[in-house]
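Q: with the sequence up front, the predicted model follows.
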Amino acid sequence: MGTSLPSREGNLFKLIVKSYETKQYKKGLKAADSILKKFPNHGETLSMKGLTLNCLDRKPEAYELVRRGLKNDLKSHVCWHVYGLLYRSDREYREAIKCYRNALRIDPDNIEILRDLSLLQAQMRDLDGFVETRQRLLTLKPNHRMNWIGFAVAHHLNSNGSKAIEILEAYEGTLDDDHPPDNERCEHGEMLLYKISLLEESGLLERALEELHKKESKIVDKLAYKEQEVSLLTKLGLLEEGEKEYRLLLSMNPDNYRYYEGLQRCLGLFSEKGHYSSDEIGQLEELYESLAQQYNKSSAVKRIPLDFLEGEKFQKAVESYIRPLLTKGVPSLFSDLSPLYDHPGKADILEHVVLGLELSLKTSGGYPGSLDKEPPSTLMWALFYLAQHYDRRDQQDIALAKIDEAIVHTPTAIDLYSVKSRILKHAGDFLAAAAMADEARCMDLADRYINSECVKRMLQADQVTLAEKTAVLFTKDGEQHNNLYDMQCMWYELASGESYLRQGDLGRALKKFLAVEKHYADIVEDQFDFHSYCLRKMTLRTYVEMLKFQDRLHSHTYFRKAAFGAVRCYIKLYDSPSKPSAEEDDEMSKLPPSQRKKLRQKQKKAEARAKKEAEIKTEESQASNASKSVKRHVKPVDPDPHGERLLQVEDPLLEATKYLKLLQEYSPDFLETHVLSFEVHMRKQKRLCALKAVRNLLRLNADHPDTHRCLIKFFHKVGSLPAAVTTAEKIIWAAIEEERLTYGQLREKSLLEANASFFETHKDSLMHRAAAAEMLFVLESNKKDEAVKLIEESINEPLSIKGLLGPARKWKLKDCIAVHSALEKIFDDQDAALRWKLRCAEYFPYSTYFGGKKCSAITKLAHHQTEETSESAGTVNPHATEFSTNGNLEKSEGSKDLAGQLHSSLVLS
């Protein structure tokens, strides 16, 4: 127990606690100082004063006071509780749990401490401890609903669903007449649905259905009731009743695709892979014809048959589906139909249908077989669709012709410019794509989506400064890029990080990638507040789903991309350390120890002074804006805005390993995870870990070029090492040799033979040929010419696409860029690289990387030369401003700067 205070000081101490709870911190500090004047060593008062100071961002003083208080009163549960709260505010949850446990040793029945401990245990997924703490809370306060529910949820999370069901049933028995108060009917209904979902999860389907029907009158959410009922019916095999329920649900929402899928399952007409027999297709056709008559305004009932119909029936159905949407002008029509492009033959039918509609609209002004005239915009939307269609089929020349025709037809439609920007991006002309996206943006300066798309195109063109200025047009005044960080704008950070990485600016790239990682850490922390809120509001099913989502949070695409980017940065940093730091270390090492120490002290003082000046400047700007807006919390100044300190890590591979562990745990089914793992562990000379990465690559895709590279590199490296001497080395060698015998690619073959076999198997693929050539060069460096020849003999054959307006080719732009990079950097053959560049410039005429004849850099140069000739002749070139920005941008000074920068970048390139 803590040291007791006289009644006056005791009342003041209660005031401190109340002031802390009501966030009146200055009042609490005043009361604490009054007590400490008479009792300067009172531990609990010192601790509460420290906790109050912590809320005022005076953390060093807070920790000092709390530790002093604890030292003066080690047997006070208040001091231990406050110490735990302090750790909790700094997200040191494990230390906070230790403090709470110490507090409970002194006061084992303290409800507040038990509740705080349970929240931390749920956050840290200490499920055994969570069950124990919740049981103690229920024992101490059995008349509190939240304690019953918390105990049940704890058992559910601890994989003991049957016990959770028993607890919920026991709680129901405590209610008068098994009926909750009127103001808790909604919460009680959610609890019942949670209990039924537990029965379903435990496999007690019949009991769950019986309980659902029994409690129907008490469940307020009738839609959730119906969905739960039909789920149980289908799992029990009661398909006729399930069919009736799905039809009832469709009458409530005829555009819900899940209801149609469920109805097909009940009728035995559903296939996961979408493969159906002719009889099944006939039955499905009859089903959807009857549903279409019943729900004639539903778009889903017209769209779903396009997935299973084939041939003429598909052609007829898709034409009747497309016509009204073209007339109406639905920009998302192509996105809606794009999954059909994965079905063999359907892309050709779509092309035939839309080309027929386009021809009819041009000749007669209406659809084929119709006397009605269509509005002029219908032709524009048909061209809009065709442009996206040909872009999807990698026929960018035709796509650009179609979109240009649409723009001439209706030059005010913003969507046309956005799609043209996307087509130019796919064609490899990132500068022209950025310019076109900016033109679309200028047509509607209030559209955030178009602004974001423009920013993305600028980042793809490595125009980072211009992209940032464009992005902050939709942020708060004065906040600039910091506001993008606060908004957790991860797509922007990833795109800018990739751009910096392409430009070789590893510091800024790491800064962006690690910012994304920080957002995910914040998302994990944000769940803390929901542990008590969801139990109080009884949103139990959603709460459990949220916890499961948090457990797999790091498998999300954005985190995976950020982790991949960070690992690549650390590998590059290891391969070529930061030059400024290396040079600085050399200079420092030449100085005497005394001068070196003085220089370091001066550097630290200069950094501290710069940081203080920046803080003062920020405070002044905040103070100057105080009269204009409500006083805001001053944000800390970023001491490393360019990521220079991130480059000063002692062991880049150790930092990379931190992210690799997360990738291996949450993204084990991605090739790049194991490719990066191989690269890192080979550099760390951890050969068994590298071998494990090779094994995982072979498991995922044994024929992938990267898998082949890693396999050959590993055994080539191992084969070049000296013989094993120590016992540990002999064990490792034995394990590697044993593993090698299990690989069919290497069985009874040398590495050269395995590489030749790989080449023969995949000689029609550019990337496979490049991998085989690279490994040939690795195995025998004197065969560089032969290896380069393997690449140069690749043939870019047309794909087997029955396109009506021209062929598409097999090679992809990014693959050709990768091959060119390999010729330059790995083979170090500049002549071969130049020959490859000239060859690819013909295949990709819009690519700025290869300098294609139609790319913006070449055409801009040609226009510039023509303009000079025209000026000397006294004429003006009408095409001289083809890639300049839209004139609407000149409405403000900031917009003028954007236009000028973009124009300059295009001219310089």
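A: Nice, I can see it.
Q: show me what contacts L535?
A: By CB atoms under 8 Å, 6 or more residues apart in numbering, L535 lies in contact with M146, I149, G150, V153, Y543. C-beta here means a position set from N, CA and C on the backbone, and glycine is covered the same way.
Q: from those, which is closest to E132?
A: Among these, G150 lies closest to E132 (CB to CB), at 12.1 Å.
Q: ok, now how distant is I167 from K537?
A: Between I167 and K537 the computed distance is 19 Å (CB to CB, to the nearest Å).
Q: sorry, wrong one. I was asking about E374.
A: 53 Å.
Q: settle it for me: which of the two has more neighbours?
A: For E374 versus K537, neighbours defined as other CB atoms under 10 Å are more numerous around E374 (20 against 15).
Q: dihedrals phi and psi, that one?
A: Backbone torsions for E374, taken as degrees, to the nearest 10, come to phi -90, psi 150.
Q: out of everything not next to it in sequence, what's closest to it?
A: Take E374 and drop its neighbours on the chain: the residue closest to it by CB to CB, 6 or more residues apart in numbering is G366, 5.3 Å away.
Q: which strand or helix spans K658?
A: helix 652-666 (DSSP states H and E).
Q: what helices or strands is that helix leaning on?
A: helix 557-575, helix 671-683 (3 or more CB pairs under 8 Å, 6 or more residues apart in numbering; DSSP states H and E).
Q: one more pass at 10 Å, please.
A: Where contact means 3 or more CB pairs under 10 Å, 6 or more residues apart in numbering; DSSP states H and E, helix 652-666 is packed against helix 506-526, helix 557-575, helix 671-683, helix 687-701.
Q: spit out the contact partners of D526.
A: Q550 (CB atoms under 10 Å, 6 or more residues apart in numbering).
Q: gap between it and L361?
A: 52 Å.
Q: quick check: mean pLDDT across stretch 236-247?
A: The average of the pLDDT scores along stretch 236-247 is 93.
Q: S750: neighbour count?
A: 12.
Q: likewise for W491?
A: Applying other CB under 10 Å, I find that W491 has 14 neighbouring residues.
Q: what's the most centrally placed residue in the chain in contact with, if anything?
A: By CA atoms, centre = their mean, the chain has its centre lying nearest to Y558, at 2.0 Å. Taking CB under 10 Å, 6+ apart, we find Y558 in contact with Q488, M490, W491, E493, L494, V516, E517, H519, Y520.
Q: helix or strand: which one has the third one?
A: It refers to W491. helix 490-503.
Q: and the angle for that helix with helix 506-526?
A: 160 degrees (axes from the mean of the first three to the mean of the last three CA atoms, to 10 degrees).
Q: helix 490-503 versus helix 557-575: what angle between them?
A: Going by the same axes, to 10 degrees, helix 490-503 makes 20 degrees with helix 557-575.
Q: pLDDT (mean, whole number) over helix 490-503?
A: 95.
Q: tell me the gap between that helix and the middle of its chain.
A: 13 Å (CA atoms, centre = their mean, to the nearest Å).
Q: make residue 1 into 343 and carry on from there
A: Yep, numbering from 343; the last one is helix 832-845 now.
Q: so which bits of that helix are buried?
A: Residues of helix 832-845 classed as buried: M832, Y834, E835, L836, A837, S838, G839, E840, S841, Y842, L843 (neighbour count, 16 or more other CB atoms under 10 Å).
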